[in-house]
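1. Could you work out the structure for the sequence below:
(3 chains)
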Amino acid sequence: MEGMMGWRMAEEGWRKGPWTPAEDKLLMEYVALHGEGRWSSVAGYSGLKRNGKSCRLRWVNYLRPGLKKGHLSPQEEGIIIELHALWGNKWSTIARYLPGRTDNEIKNYWRTHFKTKGKPLQNEKKRKYEAEFSNSQEQGVIGSMHSEILHESEDNDSEMIIQPSQATLQDTRAISCPVTTSEQQQQNPCVLAQDVARWWDTVSDDGLWSTGFLWNQLDHDHPSQAVIEQSFSSCF
DNA sequence: AATGTTTTCAACCGCTTTTGG
DNA sequence: TCCAAAAGCGGTTGAAAACAT
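-> Predicted coordinates for the structure are as follows:
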């Protein structure tokens, strides 16, 4: 049982390390009975020897219904690249635009594909993405905006940075939501997402990206949809 | 086939933010 | 209004898998 070498019980008796199917079952039963949240009381109700933090993480990243398994689609990869350019390592914010994907997953994806030890061959996907993008300079403000966004600077310390310029960010706000402050923008990223979606429409001349695809990506039962719509209406 | 190296990603840690009493 | 507990976040780790020699 605790034979799992390398992982032991913590002082308080909490189990750590990889979850077993039996543990998953206990956690799922707990949630079915008591709902999400109150993770600290999981142990008390279910007998699961995991602390609240561990339970929450397991639920959010693995057990939660609606999670997508398998590789990210090219569309999802594009969204990650684009939104990372806008917001940096705001993994959980980015994850709101990829229903069924977790912040952890996105963070891992970014690190393994774009934070290389100076071996840009691995950045093939990003290159492909940029090539895709460079075909789409025709369309006014959004297009030029995103050409700035995707201007790459290869960093001395080997992390690839795709920088949105300050002007770009200001443009984005000015275009879409002139009255919101940057703080509001952070809380209500819908406007930027809308721009991304519109931009994506313009890129989709080869049929790979379908019209309105970003919005179609959204699972309409997903809570973020409500948030997005609310934010949206508050902007206009 | 055996061993060494690299990559992946689930899960941890410490810190910050939010919540509720 | 304050404070403690819970939730949330991003960076990091390391076991296992994949790949190379």
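2. Next, the contact list for A:G47, please.
-> A:L26 (CB atoms under 8 Å, 6 or more residues apart in numbering). The C-beta positions use only the backbone N, C-alpha and C, and glycine is treated the same way.
3. Could you report the separation of it from A:E23?
-> Plainly put, A:G47 is 10 Å away from A:E23 if you go by CB to CB, to the nearest Å.
4. Backbone dihedrals for the residue nearest to A:R38 when sequence neighbours are not counted, please?
-> With sequence-adjacent residues excluded and distances taken as CB to CB, 6 or more residues apart in numbering, A:R38 is closest to A:G52, at 8.0 Å. Main-chain torsions, A:G52, degrees, to the nearest 10: phi -60, psi -40.
5. what about A:G52, how many neighbours?
-> 15 (other CB atoms under 10 Å).
6. mind listing what it touches?
-> So A:G52 contacts A:38-43 (CB under 8 Å, 6+ apart).
7. interface residues of chain A facing DNA strand C?
-> A:6, A:37-41, A:52-53, A:56, A:60, A:89-93, A:103-104, A:107-108, A:111 (CB under 7 Å from any atom of the strand).
8. Return the subset of the residues you listed lying in strands.
-> Among those, DSSP state E puts none in strands.
9. contacts with DNA strand B among those, please.
-> A:53, A:104, A:107-108, A:111.
10. of these, closest to A:L33?
-> Nearest to A:L33, judged by CB to CB, of these is A:K53 at 20.2 Å.
11. Check the gap between the nearest residue to that closest one once chain neighbours are set aside and DNA strand B for me.
-> Leaving out its chain neighbours, the residue that sits closest to A:K53 by CB to CB, 6+ apart is A:W39, at 7.1 Å. As judged by CB to the nearest atom of the strand, to the nearest Å, A:W39 and DNA strand B stand 12 Å apart.
12. Any idea how many residues pack against A:W39?
-> A:W39 has 21 nearby residues by other CB under 10 Å.
13. A:A95 too?
-> With other CB under 10 Å as criterion, A:A95 counts 20.
14. Against DNA strand B, how distant is it?
-> Counting by CB to the nearest atom of the strand - A:A95 and DNA strand B are separated by 13 Å.
15. ok, now which ones touch the residue nearest to A:E12 when sequence neighbours are not counted?
-> Leaving out its chain neighbours, the residue that sits closest to A:E12 by CB to CB, 6+ apart is A:N51, at 7.5 Å. Listed by CB under 8 Å, 6+ apart, the contact set of A:N51 reads A:10, A:12, A:14, A:40, A:43.
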